[in-house]
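In: return atomic coordinates for the entry below.
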Amino acid sequence: MDGFNLHANFPVKDAGSVQLLDAIGSDHGDIKELLVRFRIKMPLCLMKEWVKLGPGLHRTEMDLPEPLDVWIPGNIRSARTHVYTRELYKWGTASGLYSYNMLICAGVDKSTAMSVLPQNILVEFIEYGTLISYDFLNRIMADGGARKEMFDFAQLISDLIRAQFPNSWNMV
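Out: Below is the predicted model of the structure:
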């Protein structure tokens with residue numbers, strides 16, 4: 001998996017996707033009442049950070065999209081990384097996925113089997129919140145409070161909101 005895959009085929013970035021599902025409210029209404037809902041697919045390691053940095057946002061239970069997909073960071077994929085390092089990374093990921101599949105085949109429930117998955121597995125969840133909550137998240141990311149991949153996700157969400165609700169987003 002090489003990139004963000006936005007619902008409108010936006011430029012490829014780094015890992016996962018963000019899709020604006022729907023909104024409750026209007027672009028000319030009260031910005032405190034305008035709710036937006038997204039389907040987000042990102043690596044498990046980023047999702048854990050995302051949840052900590054997004055107060056006021058609500059999420060459904062995460063799910064594993066089928067088929068399972070993984071994120072390999074750009075610095076591991078790059079030609080400058082030693083071949084042994086890339087192979088070690090791939091081997092660790094493959095062994096985690098193999099263990100997960102073996103547990104599922106043995107009848108272990110999905111939520112328990114997920115505990116052996118590697119942190120670079122892509123997970124999917126639905127998230128919703130007000131424009132004010134997303135503006136707060138965006139400001140944290142822009143102030144250098146998160147790693148580049150997190151900032152990229154926040155920027156994609158900001159761009160989607162700005163395109164859908166330009167008046168309200170500018171008022172926040």
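
In: just to be sure, Arg139 is in a helix?
Out: Yes - assignment of Arg139 by DSSP: H, G, I helix; E, B strand; the rest coil places it within a helix.

In: what about it, neighbour count?
Out: If you count neighbours by other C-beta atoms under 10 Å, Arg139 ends up with 12. For the C-beta atoms, the positions are set from N, CA and C on the backbone; glycine is no exception.

In: give me the most central residue, this protein.
Out: Nearest to the mean C-alpha position of the chain, by C-alpha atoms, centre = their mean, lies Met42 at 3.1 Å.

In: which pLDDT does the model give that one?
Out: pLDDT recorded at Met42 is 88.

In: what do you get for the one 3 residues further on?
Out: Per-residue confidence for Cys45 comes out at a pLDDT of 86.

In: with His28 instead?
Out: His28 is given a pLDDT of 63.

In: got the contact list for the nearest residue to Ala23 once chain neighbours are set aside?
Out: Nearest non-adjacent residue to Ala23, counting by C-beta to C-beta, 6 or more residues apart in numbering: Val36, 4.8 Å away. With contacts defined as C-beta atoms under 8 Å, 6 or more residues apart in numbering, Val36 is in contact with 20, 22-23, 128-131, 134, 161, 164-165.

In: measure the residue of the chain positioned farthest from its centre to Ser95 for me?
Out: For the chain, the largest distance from the centre (C-alpha atoms, centre = their mean) belongs to Ala106, which lies 29.6 Å off. Distance of Ala106 to Ser95, given as C-beta to C-beta, to the nearest Å: 16 Å.
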